[in-house]
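what follows is a predicted protein model with its sequence.
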Amino acid sequence: MHPLHTAIAQEQEFCARNYHPLPVVLTRGAGVHAWDTAGRQYLDMMSAYSALSFGHSHPRLVAALTDQAQRLALTSRAFHSDQLGPFLKRLCEVTRQDMALPMNTGAEAVETAIKAARKWAYEMKGVPEGMAEILSCEGNFHGRTTTIVGFSSEQDYREGFGPFAGGFKRIPYGDIDALAKAITPNTAAFLVEPIQGEAGIVVPPEGYIAAAARLCKQNNVLFIADEVQTGLGRTGRLLACDHENVIPDGLILGKALGGGLLPVSAFLAKTEVMDVFEPGSHGSTFGGNPLAARVGLEALNLLVDAKLSERAAELGPWFENQLRAIASPLIRTVRGKGLMIGVEIDPAYATGREVCERLLAHGILTKDTHETVVRFAPPLIIEKADLNDAVEQMRAVLGELETSRVRKRA
């Protein structure tokens with residue numbers, strides 16, 4: 001793609017440079033593929049950070065969207081709609097939660113969870129006002145609001161945005177002893193990703209989630225799982241917590257909940273937790289709007305009807321093993337669960353972005369994270385033949401980079 005492509009030039013002139021996109025201009029998508037303005041086809045192995053789990057423009061979801069858009073799209077929560085109740089009922093049923101509070105973005109749902117945890121701590125646990133503390137992990141990514149970046153361990157997310165709110169403490173990820181030591185009588189909640197996505201697809205030790213949930217229960221601390229990326233089939237179960245038979249006290253969902261068509265998120269919890277909210281204590285003009293509710297309900301039904309969790313459970317290990325079988329010194333490790341996999345690249349040979357740029361030239365769309373990890377999180381509707389193509393292109397790209405590195409050394 002020419003660097004002076006009109007669309008790229010316009011973005012560079014008029015859009016804040018808070019992203020560093022790969023040099024491709026996409027104009028159409030269908031299923032697991034997308035096309036650029038020159039008509040070239042690409043295999044989407046990123047799914048918009050897992051938001052496109054159903055692929056681009058799935059016919060069932062588009063039909064639900066267009067039908068509802070012609071009926072009723074927005075009311076605000078000042079009135080009831082005929083779509084919100086059925087959506088939240090289904091969402092609570094499949095996640096085994098009591099109640100849900102609908103929002104729009106994942107970050108909004110995280111902020112909702114923070115408010116719920118603090119209010120629960122004051123009203124139900126008896127923590128002194130203003131003293132509630134929430135534990136999070138090193139390497140966490142829960143969103144981009146000023147509150148959330150305040151408890152991030154990534155300097156790039158924090159720099160220039162302070163002062164930050166107090167009431168948060170970070171502990172090492174995957175370390176159950178660190179969690180035990182950090183809990184105090186003022187601890188309201190432990191907020192954790194079952195798999196850390198933006199940190200580089202970091203999978204905790206087996207049993208960690210279950211042990212953390214038990215420890216929280218023993219200490220009257222809310223166990224809140226951020227499953228914005230891992231939820232809704234991505235890891236081979238409906239929720240990543242399901243791998244260890246954990247039903248969290250609070251659950252955060254987003255991304256795929258909107259079917260890849262619009263932002264839909266939710267904070268779900270036990271009745272005891274959700275009852276801290278009363279009229280006026282929290283809200284969102286667009287949260288739970290009829291259009292979002294209709295698409296969200298159809299997305300949940302499609303997930304179950306198409307057995308997409310089961311597909312991820314079947315194809316994920318096969319795909320991961322194929323990536324592991326690539327004989328290349330550029331690969332340090334391959335890790336993940338289901339169809340959420342990271343390939344860590346040896347920086348002595350190349351950066352993650354260099355790999356992604358070459359994959360782009362080979363017709364594969366994905367994006368690196370933390371400079372060294374190439375992520376693979378394709379739509380859950382993907383076929384094995386497409387995954388095999390991604391493996392072959394990855395093998396070819398690594399071979400090119402290895403040859404190029406050897407030539408440079410010579």
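Received the coordinates, thanks. Residues are numbered from 1 along each chain as shown.

residue boundaries of the strands in the stretch 51-200 of the chain?
99-103, 133-137, 168-171, 187-192 (DSSP state E, counting those that start in this stretch).

correction: the stretch 201-350 of the chain
222-226, 250-253, 265-269, 331-337, 340-345.

which strands and helices lie in contact with the helix ranked longest in the chain?
In the chain, with assignment by DSSP state H, the single longest helix is helix 384-409. In this structure, helix 384-409 packs against strand 41-44, helix 308-324, helix 352-361, strand 364-365, with contacts taken as 3 or more C-beta pairs under 8 Å, 6 or more residues apart in numbering; DSSP states H and E. To be clear about C-beta, it is placed using only N, CA and C from the backbone, and glycine gets the same treatment.

could you tell me the angle between the third one and helix 384-409?
Calculated by axes from the mean of the first three to the mean of the last three C-alpha atoms, to 10 degrees, helix 352-361 forms an angle of 120 degrees with helix 384-409.

looking at it, Val127 is touching Thr184, isn't it?
No: taking contacts as C-beta atoms under 8 Å, Val127 lies outside contact range of Thr184: 9.7 Å.

neighbour count: these two, which is higher?
Val127 (19 against 13; other C-beta atoms under 10 Å).

what residues are up against the more buried one?
By C-beta atoms under 8 Å, 6 or more residues apart in numbering, Val127 lies in contact with Ala121, Pro185, Asn186, Ala188.

Produce a ChimeraX select command limited to the buried residues of the residues you listed.
For the buried members of the contacts of Val127, the matching ChimeraX selection, counting by 16 or more other C-beta atoms under 10 Å, is:
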select :121,188
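
got JSON lines for the contacts of Val127, with distance to Leu215 and pLDDT too?
What follows is the contacts of Val127, written out as JSON lines (distance: C-beta to C-beta, whole Å; pLDDT from 0 to 100):
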{"residue": "Ala121", "distance to Leu215": "17", "pLDDT": "98"}
{"residue": "Pro185", "distance to Leu215": "15", "pLDDT": "98"}
{"residue": "Asn186", "distance to Leu215": "16", "pLDDT": "98"}
{"residue": "Ala188", "distance to Leu215": "14", "pLDDT": "98"}
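
out of the contacts of Val127, who's nearest Leu261?
Among the contacts of Val127, Ala188 lies closest to Leu261 (C-beta to C-beta), at 34.6 Å.

relative to Gln68, how far out is Thr75?
Distance of Thr75 to Gln68, given as C-beta to C-beta, to the nearest Å: 12 Å.

do Cys137 as well
38 Å.

one more: Leu380?
Distance from Leu380 to Gln68, by C-beta to C-beta: 23 Å.

most tightly packed of the helices and strands packed on helix 384-409?
strand 364-365 (a mean of 24; mean count of other C-beta atoms under 10 Å).

elements contacting it?
strand 41-44, helix 384-409.

mind doing that once more with 10 Å?
strand 33-36, strand 41-44, helix 352-361, helix 384-409 (3 or more C-beta pairs under 10 Å, 6 or more residues apart in numbering; DSSP states H and E).

in CSV: these, plus mean pLDDT and distance to Ala312.
Output for the helices and strands packed on strand 364-365, formatted as CSV (pLDDT from 0 to 100; distance: least, C-beta to C-beta, whole Å):
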stretch, mean pLDDT, distance to Ala312
strand 33-36, 98, 19
strand 41-44, 98, 16
helix 352-361, 98, 21
helix 384-409, 89, 11
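
between these, which one is nearest to Ala63?
Nearest to Ala63, of those and by C-beta to C-beta, is strand 33-36 at 19.9 Å.

circling back: ok, which of the strands of the stretch 51-200 of the chain comes nearest Leu300?
Nearest of these (C-beta to C-beta): strand 99-103, 11.6 Å.

pull the distance from the closest one to the chain's centre.
18 Å (C-alpha atoms, centre = their mean, to the nearest Å).

cool, and stretch 382-396?
23 Å.

neighbouring contacts of it?
31-33, 43-45, 47, 55, 311-312, 314-316, 318-319, 321-323, 325-328, 330-331, 339, 343, 355, 358-359, 361-366, 374, 376, 378-379 (C-beta atoms under 10 Å, 6 or more residues apart in numbering).

can you give me the helices in this protein?
Going by DSSP H, the chain shows helices at 6-14, 47-50, 59-69, 84-95, 106-120, 146-150, 155-158, 176-182, 208-218, 271-274, 290-305, 308-324, 352-361, 384-409.

show me how the protein divides into domains.
6-57+308-409, 59-305 (automatic domain parsing).

about what we covered before: who's more crowded, Leu380 and Gln68?
Using other C-beta under 10 Å, the more surrounded residue of Leu380 and Gln68 is Leu380, with 30 against 21.

find the nearest non-adjacent residue to that one, please.
Spatial nearest neighbour of Leu380, chain neighbours left out: Leu308 (4.0 Å); criterion: C-beta to C-beta, 6 or more residues apart in numbering.

so who does that neighbour touch?
Applying C-beta under 10 Å, 6+ apart, the residues contacting Leu308 are 53-54, 232-234, 236, 238, 256, 302, 339, 379-381.

which one of these sits closest to Ile171?
Of the contacts of Leu308, the one sitting nearest to Ile171 (C-beta to C-beta) turns out to be Arg234, at 24.7 Å.

roughly how far apart are Leu261 and Val62?
Taking C-beta to C-beta, one finds Leu261 at 7 Å from Val62.

please apply the same query to Val149.
34 Å.

equivalent analysis for Ala266, please.
Ala266 is 22 Å from Val62, by C-beta to C-beta.

and these two? Which one has more around it.
Ala266 (29 against 16).

who does that one bridge with?
Here Ala266 sits in beta bridges with Pro102, Leu253, as judged by DSSP bridges.

what about the closest residue to Ile176 other than its chain neighbours, how many residues close to it?
In this structure, Ile176 finds its nearest non-sequential neighbour in Ala211, 4.8 Å apart by C-beta to C-beta, 6+ apart. Ala211 has 18 neighbours, counted by other C-beta under 10 Å.
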